[in-house]
Every structure is written in C-alpha cells, then in structure tokens.
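**Q** Fold the following and give me the result.
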Amino acid sequence: MQVKGGRLELLVPHMLRSQLLRPGFVRMSLKLGAARQMPAWAKLQFTSHGVTPADLEQVLGHVDSLESWSSEWERLGREHEQRGRDALTWGRKDEAARRFLTASACYNFAQYVVFLEIARKRQLHDACVHAYAQAAPLFDVPARLFEVPFRNRVIRGYLRVPPGDGPRPVVVIFNGTNAVKEELHWWGEAVLARGIAVVTFDGPGLGETFHRLGHVAEPRPVGVAIMNHIESCPELDPDAVAYMGLSLGGYCAIRMAAHDPRVRAVAAVSPPFSAEVYWNITLHSLRHELAALYDMRIEEMDRHIPRITLADTLPKLDRPLMVAGGGHDMITPGEEAFRIFETARCERELVFYPRGAHDCFNVLADLRPRMVGWLARQVTRHREGLVARPRRAAAPPRDPAWMAGEAVDPDFADELRGEPHPVEWHEPVERPSLGALFRWPWAAERRLEVVHKSVMA
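**A** A predicted model of the protein is given here:
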C-alpha cells in the first residue's frame with residue numbers, strides 16, 4: 001500500500017514536515033505510535049466532517065501501520081452504518097442520517113492512504129458513496145441525485161434545494177484530487193443556511209467523474225454541460241449561479257467560470273496556479289502514486305501536467321473571484337493564492353491565513369461563513385437590479401523589485417512596494433480554528449491571523 005504525501009502531514013507530528021514524509025519513514029513512525037500524537041489542529045480535518053473526538057481517539061489509538069489506518073476507519077464506518085440501519089428500523093430518522101453521514105466520512109478517510117491498490121480504493125470509495133446515499137433522503141433538506149449528461153456518460157452530483165417559492169440561486173461546488181463530493185456536505189449546509197441551493201460534484205476527472213487527467217486539464221466542456229442542465233431545472237435560477245472549488249477543484253472552477261459567462265462568480269480554496277507545483281515540488285516524490293490514481297504512466301502525465309495552468313485563463317476572467325489559501329499548506333503552497341490574485345484582472349478578493357493548512361480545514365470557522373457570505377452576495381446581485389461591473393483594463397508591467405521580492409516571500413514583496421498586508425486578528429468563535437504550526441502546550445491559541453486584500457474592477 002502506498003500513501004499520498006500531502007495527507008500524511010495529518011498522521012505524524014507537524015514538525016516533521018512534508019519533506020520527511022516518505023512511506024517507509026511513515027510506516028516506522030506509525031509503528032512507534034505517531035498517530036496518537038496527532039496535534040489538535042490536525043484533528044479538525046476529521047471532527048469537522050462529523051467524526052466525534054471519542055471516535056477519532058479510538059481509531060488513532062489502534063493505528064500502528066498504513067494498513068491499520070484503512071482497516072480501523074473502515075471498521076468504524078461499518079459500525080456507524082449498522083447503527084444507522086438500526087435507527088431507521090426504530091424510526092429515528094435524524095439519528096440514522098447522522099450515522100450514515102459519519103459512516104461515509106469514515107470510509108472516505110480509510111481510502112485516503114490507498115493509491116496503488118486500485119481495487120481496494122474503489123471498494124472504500126463505493127462504500128463512502130453508498131453510505132451517503134442512504135443519508136441523502138433523510139436530511140432536513142434532502143439531497144437527490146443530480147445527473148448531467150456529458151459525452152455519452154453521466155456526471156453524478158447531489159442537489160439540495162432549500163424550501164421557498166420561485167427558482168433559487170445555486171452554488172456548484174467541486175472537490176479536489178483524492179477527495180469525494182460526499183465530504184462537501186458541510187460546505188453545502190452553510191450554503192443552504194443562506195437560502196441558496198447547492199450542487200456538489202466530484203471535480204472533472206475526480207471521484208465518480210471518470211478518472212481522466214485530460215478532463216482536469218480541460219474542464220470547460222464539463223462546466224458548459226453543468227450549466228446547460230441547470231437551465232433545464234425550473235427550481236433553479238440560471239441567472240444566479242456561482243462556482244466554487246477546493247484544491248484542484250478550485251482550479252477547475254476558475255477555468256469553467258472564465259469560459260462560461262452564465263456563471264456569475266467563482267470562489268476557490270487552496271487552488272494551484274499550475275499543477276506543476278504538485279508534480280514537480282510538493283508531491284514530487286509521489287509521482288508514481290499520483291499516476292496510479294489516474295491510471296496513467298508517469299511519462300503520460302508529464303505531457304498533461306503543463307496544460308493544467310491558469311496562466312492564460314486568469315487575464316480573461318471578467319467575473320468576481322474570491323480565493324483563499326494557507327501559509328502552512330503542505331500540498332498547495334500559500335503563494336499560489338497570491339499568484340492567482342495578482343494575475344487576475346477582475347474584481348477579486350483574497351483571504352490568506354498565515355497558519356492555515358490545505359483547504360484551510362483548520363480555520364473553517366472563519367473562512368466558511370466569510371466565503372459563503374461572499375457567494376450569497378454575488379448570486380443575488382441581479383435580483384437587486386445590479387449589473388456586472390465592466391472589465392478592468394490590463395495592469396501595467398510589474399515592477400522588477402516586486403518580482404524579485406515575490407520569489408523570496410510575499411510579505412517582503414509587499415513591503416518593497418510599500419503595501420504591507422492588511423492583517424486582521426479575529427477572536428475565537430464557537431467552532432475551533434487552530435493554526436497549523438507547532439506551539440508549546442502551554443501557549444494558548446488566542447487569536448486568528450487573517451490577511452485580507454481586495455480589488456474592485
């Protein structure tokens with residue numbers, strides 16, 4: 001069994017960093033009980049998806065190898081799935097929905113570390129999909145299949161429409177590599193709370209959306225098919241659609257939104273400017289595993305990766321854009337968010353957490369309401385009689401001093417231009433946000449640091 005390096009930062013103490021995360025080293029660390037030493041901020045990846053702290057501690061206490069990581073999460077998933085069926089038998093609908101949802105999350109975490117054993121990965125993925133499908137009709141706002149015809153195939157997602165009269169605005173959310181649409185449930189809950197419909201999809205080439213890297217490199221036809229299908233649904237407002245994506249799904253969302261003017265706005269969390277940052281830098285040592293995920297040879301992926309870039313797309317994007325990134329993201333470096341923000345010419349907003357991890361999962365208490373609020377404002381603009389802002393003129397050539405500073409450190413680069421980051425400090429909220437950085441146990445986490453920048457077109 002082989003393992004994805006970026007996810008392994010959650011299995012060992014954070015100070016080991018990604019450059020030490022090799023399968024052999026991690027096997028030894030887990031055997032020595034490293035999983036039980038997982039830092040509090042890393043545990044948010046699991047508890048934010050419905051896994052209770054008690055369940056998490058139980059799993060981590062039994063993990064002593066990569067194989068046991070998968071088997072322990074699968075065991076917990078089966079336990080919750082059975083309890084969900086029992087709850088249904090006794091007519092406890094809410095408990096059944098919660099149990100099935102947790103089971104789906106457990107199966108998903110089980111498949112995180114499986115790459116080369118494709119049959120095993122698909123088995124766990126199918127279990128994740130099946131458990132969520134059992135929960136879907138039991139939610140307060142039920143989720144139903146949303147199937148989009150595309151080139152003699154079907155792209156499967158879930159649609160949830162809040163109660164109310166008239167066609168509803170809609171946000172379409174895409175996941176990233178080695179992720180599943182089912183784990184987007186909690187983002188969907190936040191969107192529904194705003195009275196907006198939500199569609200969750202496996203990003204092109206990801207999850208159930210037939211594994212082909214070519215669809216990641218060129219996702220635009222998929223986006224057109226999705227918008228065409230939305231237009232055929234009377235309960236959805238085709239004039240009030242926004243796209244959102246996480247990680248590589250964020251890249252796809254930006255590409256698709258730039259291509260289709262029917263998309264009103266786009267938001268992305270931890271998106272890459274170019275997939276080369278994964279292939280050649282952060283996950284370089286795991287090329288074989290990534291190629292296996294897409295059922296391709298390394299040489300074939302070498303030809304596709306250069307095509308996965310926003311270099312030509314961002315200057316053409318004329319819809320509002322919001323991008324978020326984390327300074328301690330071991331998969332998509334935080335500088336990628338700055339690069340996207342600086343290259344775009346449209347109305348745009350950047351939210352950067354210096355101590356945020358991948359997908360900003362450890363700071364969602366701040367990011368999620370902020371981003372969902374922004375999306376809600378964008379998709380309701382037309383209902384207030386507002387029109388889209390004109391496209392901004394091309395920016396002047398970049399200052400060489402800025403380019404040199406950017407290569408070293410984004411903060412230093414801003415200081416060279418006389419534009420230090422406008423740092424915000426937020427007090428703790430109900431749900432925890434913990435910086436992805438080693439801290440001494442007695443050093444309390446008091447405030448959350450946020451960098452916020454915006455440009456109006």
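
**Q** So what sits opposite Gly353 in the bridge?
**A** Not Gly; residue 353 is Tyr. Following DSSP bridges, Tyr353 is listed with bridge partners Gly326.

**Q** Which residue would you name as the spatial centre of the protein?
**A** The residue lying closest to the centre of the chain (C-alpha atoms, centre = their mean) is Leu246, at 2.7 Å.

**Q** For that one, give its distance to Gly327.
**A** Separation of Leu246 from Gly327 (C-beta to C-beta, to the nearest Å): 17 Å. Bear in mind the C-beta positions are built from the backbone N, C-alpha and C, glycine included.

**Q** Check Asn108 too.
**A** The span separating Asn108 from Gly327 equals 26 Å under the rule C-beta to C-beta.

**Q** Kindly report the same for Lys43.
**A** Distance from Lys43 to Gly327, counting by C-beta to C-beta: 20 Å.

**Q** Please apply the same query to Val263.
**A** According to C-beta to C-beta, Val263 and Gly327 sit 29 Å apart.

**Q** Ok, Ala135 next?
**A** Using C-beta to C-beta, Ala135 is found at 35 Å from Gly327.

**Q** do Ser70 as well
**A** Ser70 is 31 Å from Gly327, where distance means C-beta to C-beta.

**Q** Same check on Arg264?
**A** When distance is defined by C-beta to C-beta, Arg264 is 30 Å away from Gly327.

**Q** which other helices and strands contact the helix ranked longest in the chain?
**A** As far as residue count goes, and with DSSP state H defining each element, the longest helix of the chain is helix 66-89. Counting contacts by 3 or more C-beta pairs under 8 Å, 6 or more residues apart in numbering; DSSP states H and E, helix 66-89 is packed against helix 23-31, helix 53-62, helix 93-111, helix 118-135.

**Q** Report all helices and strands that the longest one contacts.
**A** This points to helix 93-111. Contacts defined by 3+ C-beta pairs under 8 Å, 6+ apart place helix 93-111 against helix 66-89, helix 118-135.

**Q** Could you export the ones you listed as a markdown table, including mean pLDDT?
**A** Shown next, in a markdown table, are the helices and strands packed on helix 93-111 (pLDDT from 0 to 100):
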| stretch | mean pLDDT |
| --- | --- |
| helix 66-89 | 93 |
| helix 118-135 | 92 |
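
**Q** Give me the neighbour count for the residue lying closest to Val191 once chain neighbours are set aside.
**A** Using C-beta to C-beta, 6 or more residues apart in numbering and skipping the chain neighbours, the partner closest in space to Val191 is Val198 (4.3 Å). Val198: 30 surrounding residues under other C-beta atoms under 10 Å.

**Q** Surely Val198 touches Ile173?
**A** Yes: under the criterion of C-beta atoms under 8 Å, Val198 makes contact with Ile173 at 6.5 Å.

**Q** In the protein, where is pLDDT below threshold?
**A** For the chain, the stretches flagged by pLDDT under 70 are 1-36, 204-215, 217, 285, 382-433, 436-446, 457.

**Q** so which strand or helix has Ile230?
**A** Taking DSSP states H and E as the definition, Ile230 sits inside helix 220-231.

**Q** going on from that helix, what's the next piece of helix or strand?
**A** Sequence-wise, the next helix or strand downstream of helix 220-231 (DSSP H and E) is strand 236-246.

**Q** I'd like the distance from that next one to the chain centre, please.
**A** 16 Å (C-alpha atoms, centre = their mean, to the nearest Å).

**Q** packing partners for it?
**A** In terms of contact count using 3+ C-beta pairs under 8 Å, 6+ apart, strand 236-246 is assigned the packing partners strand 168-174, helix 220-231, helix 248-259, strand 263-269, helix 364-379.

**Q** what about those, which gets the closest to Ile118?
**A** Distances from Ile118 to each of those were compared using C-beta to C-beta; the shortest belongs to helix 248-259, at 19.3 Å.
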